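> Here is my input; please provide its structure:
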Amino acid sequence: MMSRFLFAVALLFAAPAAVQAQAPVKGAVQGQVADEQGRPVADAEVTVRYQSNPGGVSISRSARTDRQGRYRIDLRQLPGVWTAHAKATLTIDGSRMTVDLVPDNSAPFAGNVGAVRNFRLRFVEQTPDDAYGVGGMLVVQSAVGDYTPLDEVTVTLHPAGGGTPVEKRLRSTGEGWVVTGLRPVSYRVTANHRGRPMLVSAALTPQRDYDWQASVVGRFERTGPGIYQLRIEVRSR
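So this is what the prediction gives:
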């Protein structure tokens with residue numbers, strides 16, 4: 001399953017050197033982790049999981065990247081097939097957030113042959129293979145008594161700190177009507193139905209009533225392991 005960008009990464013970055021190619025080494029998996037600009041990321045956690053285990057016992061090994069964003073995990077003592085995964089912890093808008101990292105190659109590999117698996121910090125929308133994508137999720141609901149078809153609603157997210165707005169049509173998922181793969185900064189959100197502006201509010205809760213405006217400013221909150229959501233409601237004017 002499943003996630004801002006003037007953001008401060010709560011990882012130590014090495015000097016902004018480009019990620020360099022590596023050759024596979026027998027009996028090990030190795031690689032490098034980079035941010036969106038291609039700079040090495042330190043202290044990211046890379047985990048390999050054993051796939052050749054008929055007994056069903058979970059076996060994994062982990063390592064953290066060094067200041068050059070590099071890691072290496074020895075697999076010589078347990079021949080078989082492995083997969084590699086990685087995550088990093090960021091500090092964004094003053095909040096700590098753990099996000100999955102995107103691999104350059106997600107294919108399983110034989111430990112005795114060795115492999116190179118590089119990872120990148122990248123915010124991507126959900127796919128059939130990943131129901132949540134990587135990054136923040138905007139969840140949109142209709143207000144009580146409003147029947148606007150949400151599949152016809154488009155939202156625009158304006159980064160509160162400046163930057164290029166994101167405009168997306170809502171999509172239906174198990175979480176409801178959403179936009180995924182967002183850089184989880186604070187946003188000012190507007191909505192329209194077939195080009196007609198709608199009113200928006202932070203989601204109704206037992207502690208918070210509606211405050212209908214032309215836009216609403218909000219930030220992402222952790223709602224589960226690796227899941228960060230910004231929830232709003234909309235209604236026609």
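
> So Arg171 is in contact with Val178, correct?
Yes: counting by CB atoms under 8 Å, Arg171 touches Val178, with 6.2 Å between them. Where C-beta positions appear, they are placed from N, C-alpha and C, glycine not excepted.

> Mind listing what's buried along the longest strand belonging to the chain?
Longest strand in the chain, counting residues (DSSP state E): strand 81-92. Residues Trp82, Thr83, Ala84, His85, Ala86, Lys87, Ala88, Leu90, Ile92 are the ones in strand 81-92 that count as buried (16 or more other CB atoms under 10 Å).

> List the residues that contact the residue nearest to the fourth one when sequence neighbours are not counted.
To tie it back to what came earlier, the one meant is His85. Spatial nearest neighbour of His85, excluding adjacent residues (CB to CB, 6 or more residues apart in numbering): Thr47 at 5.2 Å. Residues near Thr47 by CB atoms under 8 Å, 6 or more residues apart in numbering: Ser60, Arg61, Ser62, Ala84, His85, Ala86.

> Ala44 reaches Lys87, doesn't it?
Yes: taking CB under 8 Å as the definition, Ala44 is a contact partner of Lys87 at 7.0 Å.

> which residues are common contacts for these two?
With CB under 8 Å, 6+ apart as the test, Ala44 and Lys87 both reach Leu101.

> Figure out how far the lowest-mean-pLDDT helix or strand in the chain is from the centre of its chain.
Least confident helix or strand of the chain, by mean pLDDT, DSSP states H and E, is strand 95-100 with a mean of 84. For strand 95-100, the separation from the chain centroid amounts to 8 Å (computed by CA atoms, centre = their mean, to the nearest Å).

> State the number of residues packed around Asp93.
Per other CB atoms under 10 Å, the neighbour tally for Asp93 reads 17.

> Would you mind listing where this protein has pLDDT under the threshold?
Low-confidence segments of the chain (pLDDT under 70): 1-21, 54-56, 128-132.

> Within the helices and strands, which one has Val178?
strand 176-182 (DSSP states H and E).

> Point out the other helices and strands that that strand packs with.
In terms of contacts (3 or more CB pairs under 8 Å, 6 or more residues apart in numbering; DSSP states H and E), strand 176-182 is packed against strand 136-142, strand 153-159, strand 166-169, strand 171-173.

> Can you name the residues that contact Gly31?
Gly31 touches Gln22, Val46, Arg70, Tyr71, Ala84, Val116, Arg117, Asn118, Phe119, counting by CB under 8 Å, 6+ apart.
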